[in-house]
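Undergrad: any chance you could fold what I've pasted below:
(one chain, ligands or ions: 1)
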Amino acid sequence: MTVKNTGCKRFFKLALALMLTGCASNSAIQTDAPYRITGNQPTEYQAQTLTGLYANSMPMQKFIRHMVFDHGFSESYLNGLFSKAKRLDYVIRLENTPQYHGPKPVHPKVGNWLGYRKQFITEAHINNGVAFWSSNADAIQKASATYGVDPEYIVAIIGVETFFGRNVGKTRIIDALTTLAFDTQRRSNFFTIELENFLLMTREEGYEPLKPVGSWAGAMGLGQFMPSSFRTLAVDFNNDGHRNLWDQNDAIGSVAHYFSRNGWQNNMPVAEKSKGYSGESTIELGANKGSEYWRVHPNFKVIKKYNNSDKYAMAVHQLAQAIKQRYL
Ligand SMILES: [Ca+2]
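TA: All right, here's what the predicted structure looks like:
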């Protein structure tokens, strides 16, 4: 869906580091719910006035008024909370870097398709995908059956997004979204709405609002859901009463739900290689010499709903096929 971006260089370095250390278990994956609070919003944020880095921000003041009048938040709570928000220079830099541009945050366009492919169709991704599938076989089978989504695509999305939960991002979501909403121009409306959804999410789900971390663009958990998608599409798949996208089971169910709601057709083709351009359903991927042509099916467009890039969708497709071949 969603959006994310942690920056592929860092991703690649992490993947490389994991390969070198031979880490093939799921031990690095955080599966508990460290961000949850119980009861209502934390009271320690109460403040009469807005202080900190956003003390003089007119858009911030306007946003707080909106949250108070339209969603019934307490003004002193929001003053206290946003007095602790940080403006992150690296987030501004990433947002203003042309290679990250798109209707939503997307993966950076690193080189051509073959260069992009190399980052995700790796032995480490395939082996760790098989391991992730094996250790979550029941949840993946149940999600596939419940939502009618081929299991290998659930696994591959989580692999491409976060290397199976090992790279869920370290940026505080409230800082990322506050910075993007009030200190950047291009997609400030989009991110203001996501910040609104984030606050609603923390209230609805009982999350401590300064705790959740994720990508620089505000995407969370193993499937990197933006707050608006979290609210509408995340599911409590392990039936513990909470939606927690940092939990493997909930993430697996939520990714399958996302695909289902966006029109996935179970057991139907996604893409096949074509000799040349053959009509509207053909995509062209730039390779070293010439181009690759692929005939794509409706399911390919469903993957693009997750991240609006042909390269992204093709990487998910090829990783899914490679993992399936080794798993079965
Ligand atoms: Ca749950």
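Undergrad: how about the helices in the stretch 1-150 of the chain?
TA: 8-20, 58-71, 75-82, 89-95, 113-120, 123-135, 137-147 (DSSP state H, counting those that start in this stretch).
Undergrad: off-centre distance for the fifth one?
TA: For helix 113-120, the gap between its own C-alpha mean and the chain's C-alpha mean amounts to 19 Å (Cα atoms, centre = their mean, to the nearest Å).
Undergrad: mean confidence score for that helix?
TA: Average pLDDT, helix 113-120: 90.
Undergrad: same check on the fourth one?
TA: Helix 89-95 comes out with an average pLDDT of 96.
Undergrad: in that helix, what counts as buried?
TA: Val91, Leu94, Glu95 (16 or more other Cβ atoms under 10 Å). Just so you know, the C-beta spots here come from the backbone N, C-alpha and C atoms, and that holds for glycine as well.
Undergrad: follow-up on the earlier one: turn the helices of the stretch 1-150 of the chain into TSV, columns for distance to the ion.
TA: Shown next, in TSV, are the helices of the stretch 1-150 of the chain (distance: least, Cβ to the ion, whole Å):
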stretch	distance to the ion
helix 8-20	26
helix 58-71	24
helix 75-82	25
helix 89-95	29
helix 113-120	28
helix 123-135	17
helix 137-147	11
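Undergrad: Ser281: which of those helices is closest?
TA: Closest of the helices of the stretch 1-150 of the chain to Ser281 is helix 113-120, at 17.7 Å (criterion: Cβ to Cβ).
Undergrad: buried residues in that closest one?
TA: Residues of helix 113-120 classed as buried: Trp113, Tyr116, Arg117, Gln119, Phe120 (neighbour count, 16+ other Cβ under 10 Å).
Undergrad: Glu44 versus the third one, what's the distance?
TA: Put plainly, it is Arg117. The gap separating Arg117 from Glu44 is 48 Å, by Cβ to Cβ, to the nearest Å.
Undergrad: show the pLDDT at Ser135.
TA: 97.
Undergrad: my bad, should have said Leu328
TA: For Leu328, the predicted pLDDT is 88.
Undergrad: so what's the residue count around it?
TA: By the measure other Cβ atoms under 10 Å, the count of residues near Leu328 is 8.
Undergrad: repeat that for Lys311.
TA: Lys311, neighbours per other Cβ under 10 Å, totals 24.
Undergrad: not counting residues beside it along the chain, what's closest to it?
TA: Nearest-residue entry for Lys311: Tyr116, 4.6 Å, with adjacent residues in sequence omitted and distances by Cβ to Cβ, 6 or more residues apart in numbering.
Undergrad: Ser260 too?
TA: Tyr147 (3.8 Å).
Undergrad: next one: the one you found from Ala320, what distance?
TA: 16 Å.
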